[in-house]
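Colleague: Could you look at this predicted model? Sequence included:
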Amino acid sequence: GCLGPRAGLGLRSHAMSPPPKIKPVESSDELFSSADAHPHSVEVERVTAGLQLEREASRRADKLFLPRLLDASGVLQDAASAIIDDTFNKCFTFTDTPAWNWNFYLFPMWCVGVLIRYLVLFPLRLTFVVLATILFLVTFTAVHSFAPNRNNFRVKLERFLVNVYAACHVVSWTGVIRHHGPKPTNRPGHIFVANHTSIIDYIILTSVSPFSSIAQQNKGWVGLIQNTAMDAIDCIRFDRAESKDREMVQRRLREHVADTNRLPLLIFPEGTCVNNEYCVMFKRGAFDLGCKVCPIAIKYNKLFAETFWHSRRQSFTQHLMSLMTSWAVVADVWYLDPQEMAEGEDAIGFANRVRQLICDQAGIKPVPWDGMLKYYRPSPRMCEKRRAEIAASFEALLTGGDGKKKN
């Protein structure tokens with residue numbers, strides 16, 4: 001296979017290294033990872049330090065064996081760097097908390113804590129959130145079906161119910177959320193963007209002020225909530241596998257931003273959940289709408305709960321159970337100043353600048369990877385191309401560039 005995890009496939013950030021050569025895609029795909037729906041529609045060449053070293057060596061006229069041997073070591077450099085500093089997979093790993101109940105007097109305390117969390121707090125929290133969900137669905141359905149909409153009365157009441165229901169979820173985790181900066185308001189020509197750790201990001205922000213958002217269509221009880229409450233507050237649902245959905249989303253995004261009567265739009269431009277220690281590349285589509293962008297930085301204290309949701313390893317219900325069996329969900333939320341695209345700045349540069357602001361405020365590390373690559377393997381064609389370049393490099397080393405093998 002390719003050298004190291006995801007070697008040859010990662011998308012390098014334009015702000016941190018020379019821009020990769022990417023085949024143009026349709027504008028409707030820019031908000032989402034084009035690799036998600038069409039794994040072979042984007043051809044990316046990741047020029048690593050080792051590969052650049054080999055190419056520069058091949059252009060020189062130096063035929064001495066030792067310099068060419070050192071130049072060919074770029075292959076080993078790429079492999080070693082991928083093994084030593086695998087920043088891609090680190091973005092999607094759970095926190096490795098060291099054990100503290102290692103002696104005879106701490107272990108009984110830990111056992112008491114487990115009993116309290118699972119036998120006292122969890123039943124109370126679960127009962128509370130189940131009752132809140134039933135009451136919300138019944139009340140919301142009644143309001144949506146029978147309440148008059150004179151002077152937007154029904155719309156305002158639906159938004160209030162969504163706000164209260166989100167707050168109930170935060171209470172069920174014993175949420176301790178500290179908000180910094182002015183609370184979000186409905187500002188014409190503005191969108192909000194935030195780093196993404198879990199669906200609870202949206203719940204926490206909506207518990208303060210209702211947002212419209214963009215979300216992948218889910219199944220089960222989460223899908224039921226999406227099909228009722230989320231549609232009523234103008235949330236946009238999509239299926240990445242459907243190209244028509246992506247075109248619809250791009251059109252509805254522009255319509256939403258232009259409509260001053262709708263809720264503020266919240267977008268998670270990473271496109272996937274990351275473990276709140278790193279921040280992957282932002283999709284450019286959220287920064288190409290011609291409006292101001294309001295960054296929101298979210299940082300969780302993982303001493304109390306593991307807030308990262310890996311959808312391939314656990315369902316959202318299991319994720320909520322994990323939160324409700326923890327002591328509390330502790331987080332800081334910063335509402336940063338609105339940002340505009342600078343003169344001469346393109347959407348990619350704008351996205352990287354906003355991402356850096358969020359990372360600096362939350363204390364997380366930006367990495368030059370497309371987060372959606374966690375679902376895919378390198379294409380055979382790209383791997384074969386890299387193998388051919390490595391073979392050509394060693395062939396030139398052994399033949400000295402004249403086609404005759406050296407002894």
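Modeller: All right, it came through fine.
Colleague: List the contacts of V208.
Modeller: Contacts for V208 (C-beta atoms under 8 Å, 6 or more residues apart in numbering) come out as 179, 183-184. Any C-beta I mention is one placed from the backbone N, CA and C, and that applies to glycine too.
Colleague: What separation do you get for it and D288?
Modeller: 27 Å (C-beta to C-beta, to the nearest Å).
Colleague: quick one: V162 from L266, how far?
Modeller: For V162, the distance to L266 - C-beta to C-beta - is 13 Å.
Colleague: Make sure I have this right: T139 is in a helix.
Modeller: Yes: under DSSP: H, G, I helix; E, B strand; the rest coil, T139 falls within a helix.
Colleague: quick one: it and V164 touch, right?
Modeller: No: T139 is beyond contact range of V164, at 9.4 Å (criterion: C-beta atoms under 8 Å).
Colleague: on that earlier part again, just among the contacts of V208, which is most surrounded?
Modeller: P184 (20 neighbours; other C-beta atoms under 10 Å).
Colleague: What sits closest to that residue if chain neighbours are left out?
Modeller: S209 (5.0 Å; C-beta to C-beta, 6 or more residues apart in numbering).
Colleague: ok, now D234?
Modeller: Using C-beta to C-beta, 6+ apart, the nearest residue to D234 is S212, at 4.5 Å.
Colleague: can you check D231 too?
Modeller: R237 (7.7 Å).
Colleague: can you give me the helices for the stretch 151-300 of the chain?
Modeller: For the stretch 151-300 of the chain, the helices defined by DSSP state H, counting those that start in this stretch cover 153-172, 200-206, 220-225, 231-232, 243-258.
Colleague: quick one: average pLDDT of the last one?
Modeller: Mean pLDDT, helix 243-258: 75.
Colleague: cool, the shortest one as well?
Modeller: Within the predicted structure, the mean pLDDT of helix 231-232 is 73.
Colleague: So which other helices or strands are in contact with it?
Modeller: helix 153-172 (3 or more C-beta pairs under 8 Å, 6 or more residues apart in numbering; DSSP states H and E).
Colleague: in the helix it packs on, what's buried?
Modeller: Residues of helix 153-172 classed as buried by neighbour count (16 or more other C-beta atoms under 10 Å): 154-155, 157-159, 161-163, 165-170, 172.
Colleague: ok, so of those, who is nearest N301?
Modeller: N301 has its nearest neighbour among the buried residues of helix 153-172 in V170, at 14.7 Å by C-beta to C-beta.
Colleague: who's in contact with the longest strand seen in the chain?
Modeller: Across the chain, the strand with the greatest residue count (assigned by DSSP state E) is strand 292-301. The contact list for strand 292-301, computed with C-beta under 8 Å, 6+ apart, reads 184, 187, 189-195, 197, 201, 204-205, 266, 276, 286-287, 307, 329-340, 350, 354, 357-359, 361-364.
Colleague: before we move on, what about stretch 134-142?
Modeller: 158, 161-162, 164-165, 168, 224, 228-229, 232.
Colleague: Can you lay out the residues you listed as TSV showing distance to L253?
Modeller: Output for these, formatted as TSV (distance: C-beta to C-beta, whole Å):
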residue	distance to L253
E158	22
L161	25
V162	20
V164	27
Y165	25
C168	29
L224	25
T228	22
A229	20
A232	18
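Colleague: Among the residues you listed, which one sits closest to T95?
Modeller: Closest approach between the contacts of stretch 134-142 and T95, by C-beta to C-beta: C168, at 26.5 Å.
Colleague: so what's the closest one scoring on pLDDT?
Modeller: C168 is given a pLDDT of 95.
Colleague: List phi and psi for the residue nearest to T174 when sequence neighbours are not counted.
Modeller: What sits nearest to T174 in space, not counting adjacent residues and going by C-beta to C-beta, 6+ apart, is A328, at 4.2 Å. Dihedral pair for A328: phi -170, psi 160, per degrees, to the nearest 10.
Colleague: A328 - how many residues pack around it?
Modeller: There are 15 residues near A328, going by other C-beta under 10 Å.
Colleague: cool, and A142?
Modeller: 10.
Colleague: re the thing from before, what's the closest of the buried residues of helix 153-172 to N103?
Modeller: Checking the buried residues of helix 153-172 against N103 by C-beta to C-beta gives S172 as the nearest, at 33.5 Å.
Colleague: Grab the nearest non-local neighbour of that closest one.
Modeller: V129 (4.1 Å).
Colleague: Let's test this: mean pLDDT of the strand or helix carrying the one you found, rounded?
Modeller: In this structure, V129 is located in helix 122-146 according to DSSP states H and E. Averaging pLDDT along helix 122-146 gives 93.
Colleague: Buried residues, that helix. List them.
Modeller: 122, 125, 129, 132-133, 136-137, 140, 143-144.
Colleague: In TSV: those, plus distance to E255.
Modeller: Output for the buried residues of helix 122-146, formatted as TSV (distance: C-beta to C-beta, whole Å):
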residue	distance to E255
F122	43
R125	39
V129	34
A132	32
T133	31
F136	28
L137	28
F140	24
V143	25
H144	22
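Colleague: Contact partners for the nearest residue to V293 once chain neighbours are set aside?
Modeller: Leaving aside its chain neighbours, V293 sits nearest to Q339 (5.0 Å; criterion: C-beta to C-beta, 6+ apart). By C-beta under 8 Å, 6+ apart, the residues touching Q339 are 292-295, 350, 353-354, 357.
Colleague: quick one, what contacts the closest residue to N186 other than its chain neighbours?
Modeller: Spatial nearest neighbour of N186, excluding adjacent residues (C-beta to C-beta, 6+ apart): P264 at 5.2 Å. By C-beta under 8 Å, 6+ apart, the contact set of P264 is 184-187, 190-192, 209, 211-212.
Colleague: What's the ChimeraX line that selects buried ones from the residues you listed?
Modeller: Selection of buried members from the contacts of P264 for ChimeraX, criterion 16+ other C-beta under 10 Å:
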select :184,190,191,192,209,211,212
